[in-house]
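Visitor: Would you be able to build a 3D model of this:
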Amino acid sequence: MSTFVVSARKYRPHRFEDVVGQSHVTNTLKNALRNDHLAHAFLFCGPRGVGKTTCARILAKVLNCKNIGEDFEPCNECSSCQSFNENASFNITELDAASNNSVEHIRALIEQVRFQPQQGKYKVFIIDEVHMLSQQAFNAFLKTLEEPPPYAIFILATTEKHKIIPTILSRCQIFDFKRIQIPDMVAHLRSICDTENIQADAEALHIVAQKADGALRDALSIFDRIAAFSGKEIVYQDVIDNLNVLDYDYYFKFVDALLIEDMSSVMLTFDEVLKKGFDPDIFLNGLAEHLRNLLVAKDQQTIDLLTLSEALQKRYLEQAAKTSSTFLLTALNLANDCDIHYKTARNKRLHVEMALIKMTYIQRAVDISEGSASLPEKKRPEQRSPASKDRVEAPLSSSKTTKTEASGQEAKSENAAAAAPTKEPDKPSEEESSKPESDLAEASSMEAAADEATDEIEEEVIEEAAEQELVAATNGTSKEAHTASVMAMPKLGNMDKMLQQLREEEAKEVVPTAKYDLSQENLDKIWEEYVAKVEQDSVRNLLQNVRLTLEGKAITALVGSKLGEGAIRQQSDIIHQIREDFGDADLSFSIVIDKRLKPKEVKKTGPLNDKEKLRAMYEKNPEIKTLAKKFGLRFDE
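Guide: Predicted structure coming up:
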């Protein structure tokens, strides 16, 4: 049997300066020794494998060292240090509280405190995992811990500080050890590789450090396992194979496929990951981490948050330059929602695949939304931001007959349906750009397509966009002329030609004679006349609360809620009526939701119900409320 010693023991620090990542603790202890302000009881808290017991042993060795230098480090040469290194020191007692947690064990320890050290100045008691002591053992230890002999030093170590009773905490000087950072861990592993003459890739050491999760002891154990497999040369591929870590290349390849909307590549990559034995949730969490790193890499100020090798950081910077923040945030949101509902999903693979398909079409939704926001100002008097839900601009003319007929024409021509997704409409001429209602309709159709892009397949999105564009092109014409135009077309094979014909017919229309002059007063009058003709009481009440404003040729309708907006949208002929009365086809119409808008008071005609009668009584005589409160009366409303 060989005399192999694991790295966690072989390279355990023997001096304060060798402790990795805990300079705030080691510097404090050295300063306390230098100033002779050393406490009699210490409590070292922190996660596993970060150096609590190591620092306790170094401190115990320094206290009895016979050749302490100016740096207050142990010499490791005197008889006291040598006996300690050989585990033969009678002045240092280590107790594992996990197995010695009873009152009898603590009483035996207290008996040892009574005897002075045989050599040196101090007798040091190190109690590891002190939180495992029983309640009775803690109580038995209190008095000795509070007033020990001058030569006794207690060093307690624990990973669960919250389990220690407050009376113990108040008697100790507490030091909180932190998780060791990845760069510090990588530097320590690199020094071990140099000592052992092992060649290791930087990416491989980073993976080992990340897998250790802040515990250096775990990192050294993983390092020993990889070194046993790879020998004197540790490469990245050997590390990910042994640690069951998914390669970064899969995530880079996956995001590249998302950016070009290559759904087949997305699904095949995911299937390849599953065939390698990885669970879907592992891939999903790794993808979320990759998207987070891309988001971090988009800003130079946050690039330091990427605890990766330089080569890998460069790859993240290159891919981050090709992605937008909107895409990354939306994909992160989809990954987070999928992870939240993953445990409750019956078909977990399908659940993850649905999220990946939605991610595939994020870019299309972003492009459509950005195209809607880039319309000229003169065409859209009041644009709303993509994130706002309170400001709505859309045309008011919408024909179900048009949509049905257009769908029927598309069903007759398969070639037309196949050509529609790649066909882009020509830029409108100056004469066409003077029709804001048509442009608003195009913007509305783009926003509608953006909402459906992540939930529907590509053919359905394009079909909806074509139908909405047809409605936009025919907006402002009468229903009879619009129906005749659609029926006259044999097919939708050439979308540009069809739109040009419709616009030419629209330009030939004769503008009717103005019934009113364009003014705010006449606009209110036209609106009141129109509202009076509405038959439904609920819709009429909502329309009565609408506030109309006129600025140039832009009409804005202010409503107080979504219900008001829906009521206006139901009146598909209102914009046509206003343009006809003013004799101006260039008037634009937009809807703005203002929740601060108070509804107008509408006097009710007809009998009152019980609640309204009680309210009228309160308004007429407020003393009724006082009387009811005084006698404890309660009215059922």
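Visitor: Where does the prediction get shaky in the stretch 51-200 of the chain?
Guide: Low-confidence segments of the stretch 51-200 of the chain (pLDDT under 70): none present.
Visitor: All the strands of it, residue numbers only.
Guide: 92-96, 123-128, 152-158, 173-176, 199-200 (DSSP state E, counting those that start in this stretch).
Visitor: Go through those and name the closest to residue 24.
Guide: strand 173-176 (8.4 Å; CB to CB). Where C-beta positions appear, they are placed from N, C-alpha and C, glycine not excepted.
Visitor: quick one: strands adjacent to the closest one?
Guide: Sheet pairing of strand 173-176 (DSSP bridges) gives strand 41-45 (parallel).
Visitor: Redo the strands of the stretch 51-200 of the chain as CSV? Include distance to residue 633.
Guide: Compiled in CSV, the strands of the stretch 51-200 of the chain are given as follows (distance: least, CB to CB, whole Å):
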stretch, distance to residue 633
strand 92-96, 74
strand 123-128, 71
strand 152-158, 65
strand 173-176, 63
strand 199-200, 86
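Visitor: Out of the ones you listed, which is closest to residue 609?
Guide: strand 173-176 (67.0 Å).
Visitor: How far does that closest one sit from its chain's centre?
Guide: 35 Å (CA atoms, centre = their mean, to the nearest Å).
Visitor: how about it as CSV, C-alpha atoms only?
Guide: What follows is strand 173-176, C-alpha atoms only, in CSV (Å, rounded to 0.1, in the frame of the first residue of the first chain):
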residue,chain,number,x,y,z
GLN,A,173,-15.0,36.5,20.0
ILE,A,174,-16.7,35.6,16.7
PHE,A,175,-14.9,35.3,13.3
ASP,A,176,-17.0,34.7,10.2
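Visitor: which parts of it are buried?
Guide: By neighbour count with 16 or more other CB atoms under 10 Å, strand 173-176 contains the buried residues residue 175.
Visitor: got it, and stretch 535-547?
Guide: 539, 541, 542, 543, 545, 546, 547.
Visitor: tell me the average confidence for that stretch?
Guide: For stretch 535-547, mean pLDDT is 78.
Visitor: So which elements touch the one helix or strand residue 565 maps to?
Guide: Element membership of residue 565 [criterion: DSSP states H and E] is helix 562-570. Contacts defined by 3 or more CB pairs under 8 Å, 6 or more residues apart in numbering; DSSP states H and E place helix 562-570 against helix 537-544, strand 554-559, strand 588-593.
Visitor: Just after that helix, pick out the following helix or strand.
Guide: For helix 562-570, the following helix or strand on the C-terminal side (DSSP H and E) is helix 574-582.
Visitor: Residue 249: which of the helices and strands packed on helix 562-570 is closest?
Guide: strand 588-593 (47.7 Å).
Visitor: chain center to that closest one: distance?
Guide: 33 Å.
Visitor: now the helices and strands packed on helix 562-570 in a markdown table, with distance to residue 530?
Guide: Formatted as a markdown table, the helices and strands packed on helix 562-570 follow (distance: least, CB to CB, whole Å):
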| stretch | distance to residue 530 |
| --- | --- |
| helix 537-544 | 8 |
| strand 554-559 | 12 |
| strand 588-593 | 13 |
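Visitor: looking at those, which is closest to residue 581?
Guide: Closest to residue 581 of these is strand 554-559 (CB to CB; 12.0 Å).
Visitor: Please state the backbone phi and psi of the residue lying farthest from the centre of the chain?
Guide: Most distant residue from the mean C-alpha position of the chain: residue 118, 61.3 Å away (CA atoms, centre = their mean). Backbone torsions of residue 118, given as degrees, to the nearest 10, read phi -70, psi -40.
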